[in-house]
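1. Sequence plus predicted model, see below.
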Amino acid sequence: MKSYDLVIIGSGSGGLTAAYTAIGFGKKVLVVDKSLPGGECTWSGCIPSKALINEAKRVYHAKEVVGDFDYDTTEAMTAVHQVIQNVYAGESVEKLQEDGIEFLSGYARFVSPYEIEVDNERIKGKRFIIATGSSPLKPPIPGLHDINHLDNESLFKLDKLPESMIILGGGAIGVEMAQAMNRLGVKVDLVEMADRILFREEESHSLRLQKILIKEGVRIHVGSKAINMFEKDGQVTLEYEQKEVKHQVTSDDLLVAIGRKANINDLGLEAAGVLFDNRQIMVNKYMATSQKHIYAVGDVASPYMFSHMANVQGIQAVQNAVLPFNRKVKDKHIAWTTFSEPELARAGMTEQEAREKYGDKIRVYTFEFNHLDRAMTKGKTDEGVKIVLDQKGKVLGASILADRAGEMISEIQLLKTMNLNFSKLVSVIHPYPTYGEVFNKIAKKVAVDNLLQNPVVKIFRK
């Protein structure tokens, strides 16, 4: 029976990061996965979706210059498939083995707390990390399982996009794909049960983005509950209820994008003595399960289903597994981005969340980018930033709707993570003209408000 210092089940973001961290400590590592290395991010998530978004931007802005033209979406999907292969080249089985990581293809299942079985082969490990990720959630809507439909795992295997599509779900995946495919010439109907798309984001910004998508041609049906689906003559029909009135929308295909579920089935967790519920594997702040030598990271164990969170957890889990002391995984400071155009990035609380927790003891700053020189060079823009601070000027949350908002949010993340006052950015010289300059402008207002709250200043003002 083969034995390893660390056995990792799953080769997505969390699993591969953990593997490379472990060999850095000189450990003998085995990675087991039923599929090729790379996981959801490489094959059906971050990488292909951004490749499709980039191709859609190229086509959309070309049409702005030269006018409408016919476009074969085979070209877009070919570009997507090429990007996937380019990324995979850096994490292929051959590359892992070259770097000292053993890879075994197959379904892994615990048969005891220290053993797994992969296609009838028993393997022993001193430590384990479960990083099996998540898969598309399928809602219990009548007719869904009787019709052919797409999810993110099957979408990017297409060689050509359909002429029309219904997208069920107005979260990040649904919004990104709705805009991208609409720009590539696909007629898109987006159906969302909440009263707005991206309902967990800052309300004013999600509503702005919703208007932008509608203006571009996406047909958005919010406040709409899907109640039935059926297929006839190669067309998919979705029946939905909106304000107690039933409607129908028919299209060539259906993309289900309403969320993710952790991959915890058929892992033999009971045999390993690992506790789990109906959603995820239960872990502590050190990413350890109920068995101290078995860890779980990424979507399978985290409420934050982001690749960057899986990376952090993978590194920390390995360190906790091999070092004589444990460090907690800090998930208080999380940021994420919806890669629409403009992008919508968020860190921490929305204004509503902050008010629910702190009442009126917060300070809110907004800035419209049509007053920012760099944004004005593009002409009229509907972009902006909202910063939510506590009474002392520390960051509680931020939302940015702008080009490259995903990069911009990192500056706010730094302040929030390091517990710095927002006014500190007054002394930071931002290049001109850039979008980042907005933070310097807001910081000046924060600095003045900080000063006005000083007890001595209040006395002099009186």
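-> Right, received. Where do you want to start? All figures in this text were calculated on a predicted structure; none of them were measured in a lab.
2. so how far is residue 403 from the spatially closest residue to residue 341 that is not a sequence neighbour?
-> Nearest residue to residue 341, sequence neighbours excluded (CB to CB, 6 or more residues apart in numbering): residue 57, at 6.3 Å. From N, CA and C alone the C-beta is placed, and that goes for glycine too. Separation of residue 57 from residue 403 (CB to CB, to the nearest Å) stands at 11 Å.
3. Quickly list what's touching both of the two.
-> Common contact partners of residue 57 and residue 403 (CB atoms under 8 Å, 6 or more residues apart in numbering): residue 341.
4. Comparing those two, which residue is more hemmed in?
-> residue 403 (18 against 14; other CB atoms under 10 Å).
5. The more buried one reaches residue 436, doesn't it?
-> No. Look at residue 403 against residue 436 with CB atoms under 8 Å: they stay out of range, at 11.5 Å.
6. that older thread, check which helices and strands the helix or strand where the residue nearest to residue 341 lies sits against.
-> Taking DSSP states H and E as the definition, one finds residue 57 inside helix 46-66. With contacts defined as 3 or more CB pairs under 8 Å, 6 or more residues apart in numbering; DSSP states H and E, helix 46-66 has these neighbours: helix 73-88, helix 172-183.
7. Quick one: these as CSV, columns for mean pLDDT and distance to residue 241 too.
-> Formatted as CSV, those follow (pLDDT from 0 to 100; distance: least, CB to CB, whole Å):
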stretch, mean pLDDT, distance to residue 241
helix 73-88, 97, 32
helix 172-183, 98, 19
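8. wait, which of these is closest to residue 272?
-> Closest approach to residue 272 among the helices and strands packed on helix 46-66 (CB to CB): helix 73-88, 30.3 Å.
9. And the next helix or strand after that closest one, what does it pack against?
-> Using DSSP H and E, the helix or strand that directly follows helix 73-88 along the chain is helix 93-98. The elements that helix 93-98 packs onto, with contact taken as 3+ CB pairs under 8 Å, 6+ apart, are strand 102-105.
10. ok, and what's touching the strand it packs on?
-> 4, 11, 28-37, 93, 96-97, 118, 123.
11. Report the buried residues of that strand.
-> Residues of strand 102-105 classed as buried by neighbour count (16 or more other CB atoms under 10 Å): 102-104.
12. now, among those residues, which is nearest to residue 202?
-> For the buried residues of strand 102-105, the nearest to residue 202 is residue 103 (42.0 Å; CB to CB).
13. Which residue ranges of the stretch 251-400 of the chain form strands?
-> In the stretch 251-400 of the chain, the segments counted as strands under DSSP state E, counting those that start in this stretch are 253-256, 260-262, 294-296, 335-338, 343-348, 362-368, 384-390, 395-402.
14. which element is residue 158 on?
-> Using DSSP H and E, no helix or strand contains residue 158.
15. Next one: it, what pLDDT does it get?
-> Looking at residue 158, its pLDDT is 97.
16. In contact with residue 44: list those residues for me.
-> Taking CB under 8 Å, 6+ apart, one finds 152-153, 155-156 in contact with residue 44.
17. Grab the nearest non-local neighbour of it.
-> In space, residue 44 is closest to residue 153, 4.5 Å off (CB to CB, 6+ apart).
18. Tell me how far the one you found lies from residue 216.
-> For residue 153, the distance to residue 216 - CB to CB - is 26 Å.
19. One more: residue 395?
-> In terms of CB to CB, residue 395 sits 32 Å off from residue 216.
20. Spatially central residue for this protein, please.
-> By CA atoms, centre = their mean, the mean C-alpha position of the chain lies nearest to residue 306, the distance being 4.6 Å.
21. In three-state terms, label residue 449 for me.
-> Put simply, residue 449 is helix when judged by DSSP: H, G, I helix; E, B strand; the rest coil.
22. Contacts only, for the spatially closest residue to it that is not a sequence neighbour.
-> Take residue 449 and drop its neighbours on the chain: the residue closest to it by CB to CB, 6+ apart is residue 363, 6.5 Å away. Residues near residue 363 by CB under 8 Å, 6+ apart: 388-391, 393, 446, 449.
23. Verify the stated contact: residue 199 with residue 170.
-> Yes. Between residue 199 and residue 170 there is a contact under CB under 8 Å: 7.4 Å.
24. Residues that sit against both of these two, list them.
-> residue 192.
25. who's more crowded, these two?
-> A direct count of neighbours by other CB under 10 Å for residue 199 and residue 170 places residue 170 higher, at 27 against 14.
26. Now do that one against residue 191, distance only.
-> Taken as CB to CB, the span from residue 170 to residue 191 is 8 Å.
27. just the helices in the stretch 201-350 of the chain please.
-> Listed in chain order, the helices of the stretch 201-350 of the chain (DSSP state H, counting those that start in this stretch) span 203-216, 269-272, 307-322.
28. Can you name every helix or strand that the second one contacts?
-> Packing contacts for helix 269-272, counted by 3+ CB pairs under 8 Å, 6+ apart, involve strand 108-112.
29. if we look at the strand it packs on, which residues are touching it?
-> Contacts for strand 108-112 (CB under 8 Å, 6+ apart): 9, 32, 34, 116-118, 122, 266-269, 271-272, 274.
30. Sheet partners, orientation included, of it?
-> Each strand paired with strand 108-112, and its direction, by DSSP bridges: strand 115-118 (antiparallel).
31. Quick check: closest non-adjacent residue to residue 302.
-> Here the residue nearest residue 302, using CB to CB, 6+ apart, is residue 309, at 5.7 Å.
32. isn't that neighbour right up against residue 300?
-> No. The pair residue 309 / residue 300 is not scored as a contact, 11.9 Å apart, by CB under 8 Å.
33. Looking at the two, which has the bigger crowd around it?
-> Taking neighbours as other CB under 10 Å, residue 309 and residue 300 compare with residue 300 leading, 27 against 21.
34. List the contacts of the residue lying closest to the more buried one once chain neighbours are set aside.
-> The shortest distance from residue 300 to any non-neighbouring residue, by CB to CB, 6+ apart, is to residue 262 (4.6 Å). Counting by CB under 8 Å, 6+ apart, residue 262 touches 132-134, 279-281, 299-301.
35. same deal with residue 357?
-> Residues near residue 357 by CB under 8 Å, 6+ apart: residue 349.
36. Please report how far it lies from residue 304.
-> 19 Å.
37. again, but for residue 364
-> 24 Å.
38. Could you give the number of residues near residue 230?
-> By other CB under 10 Å, 16 other residues sit near residue 230.
39. Let me know whether it touches residue 143 as I believe.
-> Yes. Counting by CB under 8 Å, residue 143 is a contact partner of residue 230 at 5.1 Å.
40. Hmm, residue 435 is touching residue 404, no?
-> Yes. The pair formed by residue 435 and residue 404 meets the contact definition of CB under 8 Å, at 6.6 Å.
41. between these two, which one's more packed in?
-> Between residue 435 and residue 404, residue 435 has the larger neighbour count (other CB under 10 Å), namely 20 against 15.
42. Name the SS class of that one, please.
-> Applying three-state DSSP: residue 435 is coil.
43. In contact with it, which residues?
-> 369, 372, 374-375, 402-404, 408 are the contacts of residue 435 under CB under 8 Å, 6+ apart.
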